[in-house]
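Enquirer: sequence and predicted structure, then a few things I'm wondering about:
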Amino acid sequence: MSSSTKALDPAFQGAGQRLGTEIWRIENFLPVPLPKSEYGKFYMGDCYIILQTTPGRGGAYLFDIHFWIGKDSSQDEAGTAAIKTVELDAALGGRAVQHREIQGHESDKFLSYFKPCIIPLEGGVASGFKKPEEEEFETRLYVCKGKRVVRMKQVPFARSSLNHDDVFILDTEDKIYQFNGANSNIQERAKALEVIQFLKEKYHEGKCDVAIVDDGKLDTESDSGEFWVLLGGFAPIGKKIASEDDIIPETTPPKLYRLKNSLEEVKHVKGANIVVIVFCSIEDGQAKAVEGELSKAMLENNKCYLLDRGSELFVWVGRVTQVEERKAASQAAEEFFASQNRPKSTRITRVIQGYETHAFKSNFDSWPSGSATPGAEEGRGKVAALLKQQGVGIKGMAKSAPTNEEVPPLLEGGGKMEVWCINGSAKTPLPKEDIGKFYSGDCYIVLYTYHSGDRKEDYFLCCWIGKDSIEEDQKMATRLANTMCNSLKSRPVQGRIFQDKEPPQFVALFQPMVVLKGGSSSGYKNYIADRGLTDETYTADSIALFRISGTSIHNNKAVQVDAVATLLNSTECFLLQSGSSVFTWHGNQSTYEQQQLAVKIADFLKPGVSLKHAKEGTESSAFWFALGGKQSYTSKKVSPEIVRDPHLFTFSINKGKFEVEEVYNFAQDDLLTEDILILDTHAEVFVWVGQSVDPKEKQNAFDIGQNYINMAVSLEGLSPKVPLYKVTEGNEPCFFTTFFSWDLAKATVQGNSFQKKVALLFGASHVVEDKSHSNQGGPTQRASALAALSSAFNPSSGKSSNLAHDKSNGSNQGGPTQRASALAALSSAFNSSPGSKGSASKPSSPSSGSQRAAAVAALSSVLTAEKKRSPDGSPTRSSGSPPAEDSTPSEQKAEYAHSESEASQWVAELKEVENVAPASESNGEDSENKQETEQDDNGSETSLSTFRYDQLKAKSENPVTGIDFKRREAYLSDEEFQTIFGITKEAFYKLPKWKQDMQKKKFDLF
């Protein structure tokens, strides 16, 4: 990139030096920084530039720049935004991905920064802004679209705006209504509820009521009647009429355009499966065509290209192009877009060589890694030097220093371990003394049963595939593991692990773990015999050398290597077995932990053996003789770094091709129960399967994961032997949930996406009836009982008690799981939420005792109905209300006793919870006086008491009390926080949640 870049716009000084979002508005054709209090507000008459800075692999910063164009803004303002975007990119080293965002057609990535939605406002800089006090509340009707990010569009407040296919939100001064079209998507209904909660908090101070109205239902005495009155009365609504905004561009086969200085001549050249179009200037004379399939080699680093996919245009710029060339390329893309009469929703994205997105790379047959890195580093160095001259900080631009491996949480210890070795069509259990020994010619099935906190038994089930094992054993291991998983009702986390790619949570289960040469299965023995190969299987009297490089519980694995001196390493320890003699060899740079592990391995392989210790440089002749003589060896550390970089994807099969789409800034709410998703951390791949997924689809989880790995190997440089896991909803392990800000309550609620969201957001305020299973009784009554329980112990859960009906297919889950959810909800009701705004819940109302009794009675009636298998399927509408005023305590006790006789175990748990209630409420009063506040949007803390680090540690000898133990680090002073973590609190809270947790565990603050 040329160093002739003009001086940096003052508004961009310091941009991109911290993680998170930065926004500028174009005012009088200049970028003006927007106050953080205004983030998320976009005026239709304006244009904005949005910079998103995220951490990349290895710690270097990655940049996305979006310029947003309001529908009422001028062409000149839009042009200024585009030009200033290029200038900002130049200031950041020229490696940002640039996105054009048109109001109403924003990309998923852009919208993910402003969850749950953005609602563009009238006005702008030129026309002036209305002050809040000048605005009168205006009833508005919105159509709400999107499963994970929401696109809100205001439509005329009229009955004619409604249709049967979409979800609508009617926002009135006193109540917000959600209208679910009969054919609307379950997941869009769920997302609309999040928007309603956002509107309620932002524009109604959290005080308005909420109602859900279903298409085709009219009850003049209910919220449905009110809704239709507001729209002028009930009448049939028409079919959806498609507008320009509804046009979705068709995705077409890729066409590649090479852009040159002028676009006066166009030549079309047909390739094998695509059309390659070459733009050339008259001065160039005869144009040279680029023919054949698209490959990375076609892209020259001193040119710019346009890649047309129909629904999206990509501008690719080589790393040695000039700034003016890049501006011209972006302008050419705009002109091409206009000339093609493309729909407004067509996206335009610009990528720089070396920082291409997955969406761009997926259009090529493969994407070899590594070729662009040196040039990219060189470009960064030039830009850094230029900016340093201008007095601009360059944080995140230099090549990052190596980082230590971030270890995800390990499984709880103390569980039951079972291991089987595959032999033909059978599996042979290993004796206890051999658990931890793995032969590279064999395959194994490992089942670890453990308890995760207070949860039921959890299972970790995986196949270990030796690198020399035969294909038949590998397939048999998979088949038998699937059978075991099905016998455990698909609850286990099921994994496939290859030798040399063992993840930390696997290695940590074995103390120690040793990988030996050879194998014992009949298939392996036959394989080497048929080919005349030497059987190198380890025996107790053979010569064997073991490398010991691990330093902690998660990587303390020993591997048998060839017994030659050249494989020694000064940074490691080795164990040498020669007949009856066993030597431990300590490299001069080895650690005490490695030396201790060497002794442990020796005792594991040969219990009670007498060791001969050899420190590097003091070896005996017998030691060198066993290795075939003394030879030179390395002293360089060889342990590979593992840097996790999590990304969540949905997938689809398009004309036989496996395709994925990223879910940006993902959260637990993106794990929709009807879907299968892929989480790729670059160190492991998870296939997450929702409860409501079709059973046949569930069986394909590993095939889906393998298809993803095959694609990511060629495009993203993923290892083909990466660990692969299948995780089912409700059984997520700690090493999966660590990549989310995990809420156990969300994971245990039953039902489809909409039903789950209703229960989580509104509790008993709404009871969702599932008509698709109305003849089965039990599920609906259990939902009512759960709502009653929530209502009884959450007096502030809401005023309205509306009944929402969901015609879609609902949950078909069993009673025991839902009863467990009900009890969990009841228990959590007595404990103040850690997310409450600095104070505990108020003491319950005088009627709370009778409400609790009503809740117990409701659960009792459900248990009784289940025992009798009652076919009654109607919801118990009165289950959430207090008993009649003339109800006596003795009658309430009778209800309670009845519950005991019907299901003593469940009611005993209820009694225990109810006995805790008064104490919980009392503690809630006391906690109001404590000086605590929540973390604000920027992750900073205000008015929070501080304590010393030694008091806040989980294993403190003088522990502090009365704090939120999930956020110990928040009580450190700013100075001590920076001393311990090495970064400020603000920077820490902008890290992904899983990285925060790892740092907290590292310093015993988790």
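Expert: Looks like it arrived, so ask away.
Enquirer: rest of the way, CA atoms for contacts and neighbours
Expert: Will do.
Enquirer: contacting residues for L447?
Expert: Shown in contact with L447 (C-alpha atoms under 8 Å, 6 or more residues apart in numbering): M417, E418, V419, Y459, F460, L461, C462.
Enquirer: next, the contact list for D219, please.
Expert: When contacts are counted by C-alpha under 8 Å, 6+ apart, D219 touches G225.
Enquirer: do S692 as well
Expert: By C-alpha under 8 Å, 6+ apart, the neighbours of S692 are T673, E674, D675, N752, S811.
Enquirer: of those, keep whichever come out buried.
Expert: T673, E674, D675, N752, S811 (16 or more other C-alpha atoms under 10 Å).
Enquirer: between these, which is nearest R25?
Expert: Ranked by distance to R25 (C-alpha to C-alpha), the buried ones among the contacts of S692 are led by D675 at 38.1 Å.
Enquirer: surely that closest one touches V689?
Expert: Yes - counting by C-alpha atoms under 8 Å, D675 touches V689, with 6.6 Å between them.
Enquirer: which ones are touching the residue nearest the centre of the chain?
Expert: Most central in the chain under C-alpha atoms, centre = their mean is F666, positioned 4.5 Å from the mean C-alpha point. Contact partners of F666, counting by C-alpha under 8 Å, 6+ apart, are H647, L648, F740.
Enquirer: pull the CA atoms of stretch 480-496 into PDB?
Expert: The C-alpha trace of stretch 480-496 is given here as PDB (Å, rounded to 0.1, in the frame of the first residue of the first chain):
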ATOM      1  CA  LEU A 480     -20.900 -49.700  18.900                       C
ATOM      2  CA  ALA A 481     -20.600 -46.200  20.400                       C
ATOM      3  CA  ASN A 482     -23.800 -45.200  18.700                       C
ATOM      4  CA  THR A 483     -25.600 -48.200  20.100                       C
ATOM      5  CA  MET A 484     -24.400 -47.300  23.600                       C
ATOM      6  CA  CYS A 485     -25.500 -43.700  23.100                       C
ATOM      7  CA  ASN A 486     -29.000 -44.800  22.100                       C
ATOM      8  CA  SER A 487     -29.200 -47.100  25.100                       C
ATOM      9  CA  LEU A 488     -28.600 -44.000  27.300                       C
ATOM     10  CA  LYS A 489     -31.400 -42.100  25.500                       C
ATOM     11  CA  SER A 490     -28.900 -40.000  23.500                       C
ATOM     12  CA  ARG A 491     -27.900 -38.100  26.600                       C
ATOM     13  CA  PRO A 492     -24.100 -38.600  26.400                       C
ATOM     14  CA  VAL A 493     -21.800 -36.000  24.800                       C
ATOM     15  CA  GLN A 494     -20.500 -38.200  22.000                       C
ATOM     16  CA  GLY A 495     -17.100 -37.600  20.600                       C
ATOM     17  CA  ARG A 496     -14.600 -38.900  18.000                       C
END
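Enquirer: need the contact partners of it.
Expert: With contact meaning C-alpha under 8 Å, 6+ apart, stretch 480-496 is reached by 445, 458-465, 723-728, 731-733.
Enquirer: pLDDT on it, on average?
Expert: Here stretch 480-496 scores 94 as its mean pLDDT.
Enquirer: try stretch 722-738
Expert: Stretch 722-738 shows a mean pLDDT of 95.
Enquirer: so what's the backbone phi/psi at V685?
Expert: Per-residue torsions, V685: phi -120, psi 130 (degrees, to the nearest 10).
Enquirer: from the contacts of L447, pick the one nearest K255.
Expert: Using C-alpha to C-alpha, C462 comes nearest to K255 of the contacts of L447, at 43.7 Å.
Enquirer: thinking again about what came up before, distance of the residue nearest to the centre of the chain relative to L718?
Expert: According to C-alpha to C-alpha, to the nearest Å, F666 stands 21 Å off from L718.
Enquirer: all strands in the stretch 551-700 of the chain, in order from the N-terminus.
Expert: Assigned by DSSP state E, counting those that start in this stretch, the stretch 551-700 of the chain shows strands spanning 557-561, 573-578, 581-586, 611-615, 647-654, 657-663, 676-680, 685-689.
Enquirer: Q594 is nearest to which of those?
Expert: Proximity to Q594 (C-alpha to C-alpha) singles out strand 573-578 among the strands of the stretch 551-700 of the chain, at 6.0 Å.
Enquirer: using PDB, write out every CA atom in the closest one.
Expert: What follows is strand 573-578, C-alpha atoms only, in PDB (Å, rounded to 0.1, in the frame of the first residue of the first chain):
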ATOM      1  CA  CYS A 573      11.800 -35.700  29.800                       C
ATOM      2  CA  PHE A 574      12.100 -39.300  28.400                       C
ATOM      3  CA  LEU A 575      11.600 -42.700  29.800                       C
ATOM      4  CA  LEU A 576      13.800 -45.500  28.300                       C
ATOM      5  CA  GLN A 577      13.000 -49.200  28.900                       C
ATOM      6  CA  SER A 578      15.700 -51.700  28.000                       C
END
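Enquirer: pull out the buried positions in that strand.
Expert: Using 16+ other C-alpha under 10 Å as the test for burial, strand 573-578 gives C573, F574, L575, L576, Q577, S578.
Enquirer: per-residue pLDDT, the fifth one?
Expert: With respect to pLDDT, Q577 scores 94.
Enquirer: quick one: low-confidence ranges for the stretch 201-350 of the chain?
Expert: Filtered on pLDDT under 70, the stretch 201-350 of the chain yields the residue ranges 220-221, 244-245, 261-292.
Enquirer: show me where it has strands.
Expert: 209-214, 255-259, 265-270, 275-280, 304-308, 312-317, 347-352.
Enquirer: just give me the neighbour total for the closest residue to Y633 other than its chain neighbours.
Expert: In this structure, Y633 finds its nearest non-sequential neighbour in T566, 4.7 Å apart by C-alpha to C-alpha, 6 or more residues apart in numbering. T566 has 14 neighbouring residues, counting by other C-alpha atoms under 10 Å.
Enquirer: ok, so what distance separates T566 from Y113?
Expert: 53 Å.
Enquirer: quick revisit: so which of the strands of the stretch 201-350 of the chain is nearest E173?
Expert: strand 209-214 (9.7 Å).
Enquirer: adjacent strands (with direction) for that closest one?
Expert: strand 175-180 (parallel) (DSSP bridges).
Enquirer: show me what contacts the nearest residue to F604 once chain neighbours are set aside?
Expert: Of all residues not flanking F604 in the chain, P512 sits nearest, at 7.8 Å (C-alpha to C-alpha, 6+ apart). Each residue near P512 by C-alpha under 8 Å, 6+ apart is listed here: G436, N556, K557, A558, L597, K600, I601, F604.
Enquirer: quick check, nearest of those residues to R258?
Expert: Among the contacts of P512, K557 lies closest to R258 (C-alpha to C-alpha), at 51.8 Å.
Enquirer: and the closest one, how many residues sit next to it?
Expert: 26.
Enquirer: do you know how far it is from R547?
Expert: Counting by C-alpha to C-alpha - K557 and R547 are separated by 9 Å.
Enquirer: next up, phi/psi of S107, please.
Expert: Dihedral angles of S107 (phi, psi; degrees, to the nearest 10) stand at phi -70, psi 160.
Enquirer: give me the low-pLDDT residue ranges for the stretch 501-650 of the chain?
Expert: 639-641.
Enquirer: which of the contacts of L447 has the largest number of neighbours?
Expert: C462 leads the contacts of L447 on contacts (other C-alpha under 10 Å) with 28 neighbours.
Enquirer: may I see the buried residues of stretch 297-306?
Expert: L299, N301, K303, C304, Y305, L306.
Enquirer: distance of the spatially closest residue to A683 that is not a sequence neighbour relative to Y450?
Expert: Distances taken as C-alpha to C-alpha, 6+ apart put R644 closest to A683, at 5.9 Å, once the chain neighbours are dropped. In this view, R644 and Y450 are 26 Å apart by C-alpha to C-alpha.
Enquirer: equivalent analysis for E457, please.
Expert: 6 Å.
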